[in-house]
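J.: Structure for the following, please:
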Amino acid sequence: MTALLTHLHCLEHNMGERHPEHPARLAAVLMHLDETGLYSDLDVHEAPEAQRTDLARVHGEAFLDGLEELSPEEGLVRVDPDTAMSPGSLRAARTAAGAAVAGVELVLSDADKRVFCAVRPPGHHAEVSQAMGFCFFNSIAVAAARALCDPAVDRVAILDFDVHHGNGTVAAFMDNPDVLVCSSFQFPFYPYRLQDVDRPNIVNTPLPAGTLGADFRKALESDWLPALDDFKPELILVSAGFDGHADDPLAGLLLTEEDYAWVTRLITDAANRHAGGRIVSMLEGGYHLGALSRSVAAHIEGLLA
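T.: Coordinates of the predicted model:
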């Protein structure tokens with residue numbers, strides 16, 4: 001069975017009507033899943049808030065204290081030029097990270113084989129002591145850290161196909177050989193950091209603006225598949241960003257729903273070979289409501305297959 005983890009708390013984070021990372025993103029995804037009938041095919045769970053111990057496996061205590069102190073009772077407080085906290089932001093971010101932890105626990109207990117976390121804010125830019133790029137807590141890193149606490153898990157792979165490089169995830173694990181991080185991304189492009197890290201467990205796949213699906217597929221087959229087959233992960237985690245879609249307003253890759261269906265098959269095939277089929281996927285970017293909703297549906301259909 002494939003599970004869906006989500007919560008209305010994730011709609012309470014609001015950085016302003018004109019900000020691209022707005023509540024309508026998640027609302028559109030959930031509405032589309034309902035309209036297409038996919039919602040009824042999923043084992044739906046309400047995502048819990050992450051505990052501080054979950055977050056502290058990745059983020060420093062001073063950073064966690066600082067975010068709590070910044071959290072406003074009204075209005076917005078900016079944490080970087082692109083990222084602000086509203087009164088509901090901290091609970092939404094904790095819920096997104098809590099979904100990641102709960103997803104790992106579901107698959108490790110064999111309650112569900114695969115999980116998609118329909119949550120926001122995204123997380124893969126958040127570094128150990130820095131919120132940035134619309135992200136507060138690095139949910140996918142929190143998931144990996146939780147998985148490695150389980151005595152049955154020694155190796156975790158994180159696959160990130162968001163259009164932006166997963167700098168926060170690389171920062172968290174670039175010196176941890178138990179975690180393989182594969183990130184494809186438009187280059188040169190935000191976040192302009194950690195995109196050239198040279199480590200055996202870090203696989204960076206830069207793609208120029210204008211990249212079409214065929215070249216995206218060739219690059220991932222060339223870079224990701226050998227790394228996965230050599231590493232043999234016991235769990236695969238996915239930073240599922242859909243802002244590489246040709247319709248997305250924030251970037252310049254030219255991917256389609258079919259490309260997201262294809263990369264999902266690549267991931268599920270690898271999970272079946274090495275990880276007993278176990279996958280936890282987290283929603284990251286995607287800022288054109290129609291393209292995002294259709295791409296998420298294609299991804300979930302692949303997880304269900």
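
J.: Please enumerate the helices of this structure.
T.: Taking DSSP state H, the helices of the chain run over residues 24-35, 52-56, 61-70, 89-108, 139-148, 167-173, 213-231, 257-274, 289-304.

J.: Against Met15, how distant is Pro81?
T.: Distance of Pro81 to Met15, computed by CB to CB, to the nearest Å: 12 Å. Every C-beta, even on glycine, is put in place using the N, C-alpha and C of the backbone.

J.: Those two - which one has more neighbours?
T.: Met15 (20 against 8; other CB atoms under 10 Å).

J.: nearest spatial neighbour of that one, skipping sequence neighbours?
T.: Leaving out its chain neighbours, the residue that sits closest to Met15 by CB to CB, 6 or more residues apart in numbering is Ala84, at 4.6 Å.

J.: quick one: that neighbour and Gly16 touch, right?
T.: Yes. Using CB atoms under 8 Å, Ala84 makes contact with Gly16 at a distance of 7.1 Å.

J.: So for the two, which residues contact both of them?
T.: Common contacts of Ala84 and Gly16 (CB atoms under 8 Å, 6 or more residues apart in numbering): Leu76.

J.: hang on, the earlier thing: the residue nearest to Met15: how many residues sit nearby?
T.: Neighbours around Ala84, by other CB under 10 Å: 22.

J.: Then the one 3 residues further on?
T.: Residues within reach of Pro87, counting by other CB under 10 Å, total 16.

J.: Kindly report the same for Val104.
T.: Neighbour count for Val104, taken as other CB under 10 Å: 27.

J.: Show the end-to-end separation of stretch 75-82, please.
T.: Start-to-end span of stretch 75-82 (CA to CA, to the nearest Å) is 16 Å.

J.: Please apply the same query to stretch 55-66.
T.: End-to-end span of stretch 55-66 (CA to CA): 13 Å.

J.: Can you list the buried residues in that stretch?
T.: 55, 58-59, 63 (16 or more other CB atoms under 10 Å).
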